[in-house]
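# Structure here, sequence nowhere to be found:
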Ligand code: ADP
């Protein structure tokens, strides 16, 4: 199967620290990949290279019909196009505090993509409805719970109409009772056919939603496969150790 996302040989260092040591994987269109692994194994950095928030030092990343070789010089226009291929949701909602929920969601489409304001507003209302926040359009971020803010963050990323959604531990900063609503929204997106890569500590969620699980350790993909294999019958002792510690 051809991947919507293909990652080949991605390397990344920060100074002397080699964080990613040749990461390769494929994500077929319409599937969900969960990335798990110990703290410091490079999960967030992988996600950030997929969106070029951190530029890989080497490796080729292809999203849809755009392929970028990061060993070579990447020009600004290509980088901008590359970044717009995917939407990123961070650990904690970094919404603009002085803008309403609706303004937060239309900011990207109107300012970055120069889309007509009316059209962006209509889309944004639909997206807010999808994440269960239609009634909150005119409120400000401080008036919302952490989970609601996180769902606005998801709507804001979706508003740019990316091909791929990236989630970096989307529930780790939330109070336990707010986690379920956010995971439900991500599940709905999966059911709706979105292609997603989710860094998560929620193993049960990965089990339910992921088509593929990557176990990262020391900057490499130590093991990958369907959740039934990686999460319940891992081949690698280190995967087993990790799961024993967190389950
Ligand atoms: P994980 O998400 O698996 O916890 P990260 O990708 O966040 O791991 O980090 C992997 C390693 O890279 C860690 O040792 C972290 O300290 C280091 N690192 C991440 N980002 C930076 C950065 N911008 N500058 C320096 N070191 C970084």
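Thanks, I have the structure now. For clarity, every value in this text was computed on a predicted model and none was experimentally measured.
# The residue nearest in space to the middle of the chain sits in which helix or strand?
In the chain, the centroid-proximal residue (CA atoms, centre = their mean) is residue 166; its distance is 1.4 Å. Element membership for residue 166 (DSSP states H and E) is strand 164-168.
# between the lengthiest helix in the chain and strand 164-168, how big is the angle?
For the chain, the longest helix by residue count, based on DSSP state H, is helix 176-191. Angle, helix 176-191 to strand 164-168, by axes from the mean of the first three to the mean of the last three CA atoms, to 10 degrees: 160 degrees.
# Name whatever forms a beta bridge with the nearest residue to residue 71 once chain neighbours are set aside.
Nearest residue to residue 71, sequence neighbours excluded (CB to CB, 6 or more residues apart in numbering): residue 58, at 4.4 Å. Yep, even glycine has a C-beta here, placed from its N, CA and C like the rest. Under the criterion DSSP bridges, residue 58 forms beta bridges with residue 11.
# From the ligand, how far off is the nearest residue to residue 229 once chain neighbours are set aside?
Spatial nearest neighbour of residue 229, excluding adjacent residues (CB to CB, 6+ apart): residue 235 at 7.7 Å. Distance, residue 235 to the ligand, using CB to the nearest ligand atom, to the nearest Å: 21 Å.
# isn't residue 235 right up against residue 223?
Yes - between residue 235 and residue 223 a contact is recorded at 6.0 Å, counting by CB atoms under 8 Å.
# quick one, which of the two is more surrounded?
residue 223 (21 against 12; other CB atoms under 10 Å).
# Looks to me like the more buried one is in a strand.
Yes - under DSSP: H, G, I helix; E, B strand; the rest coil, residue 223 falls within a strand.
# Kindly state the pLDDT recorded for it?
pLDDT recorded at residue 223 is 97.
# ok, it - contacts?
214, 215, 230, 234, 235, 236, 239 (CB atoms under 8 Å, 6 or more residues apart in numbering).
# name the element the fifth one belongs to?
Right, residue 235. Going by DSSP H and E, residue 235 is not in any helix or strand.
# gap between it and residue 118?
54 Å (CB to CB, to the nearest Å).
# need the residues of the protein near the ligand, please.
14, 17, 19, 37, 39, 40, 41, 42, 43, 44, 45 (CB under 6 Å from any ligand atom).
# Columns secondary structure and neighbour count on top of those, output as JSON lines?
Formatted as JSON lines, the residues of the chain next to the ligand follow (DSSP: H, G, I helix; E, B strand; the rest coil; neighbours: other CB atoms under 10 Å):
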{"residue": "14", "secondary structure": "strand", "neighbour count": "9"}
{"residue": "17", "secondary structure": "strand", "neighbour count": "9"}
{"residue": "19", "secondary structure": "strand", "neighbour count": "20"}
{"residue": "37", "secondary structure": "coil", "neighbour count": "24"}
{"residue": "39", "secondary structure": "coil", "neighbour count": "7"}
{"residue": "40", "secondary structure": "coil", "neighbour count": "14"}
{"residue": "41", "secondary structure": "coil", "neighbour count": "23"}
{"residue": "42", "secondary structure": "coil", "neighbour count": "25"}
{"residue": "43", "secondary structure": "helix", "neighbour count": "21"}
{"residue": "44", "secondary structure": "helix", "neighbour count": "19"}
{"residue": "45", "secondary structure": "helix", "neighbour count": "22"}
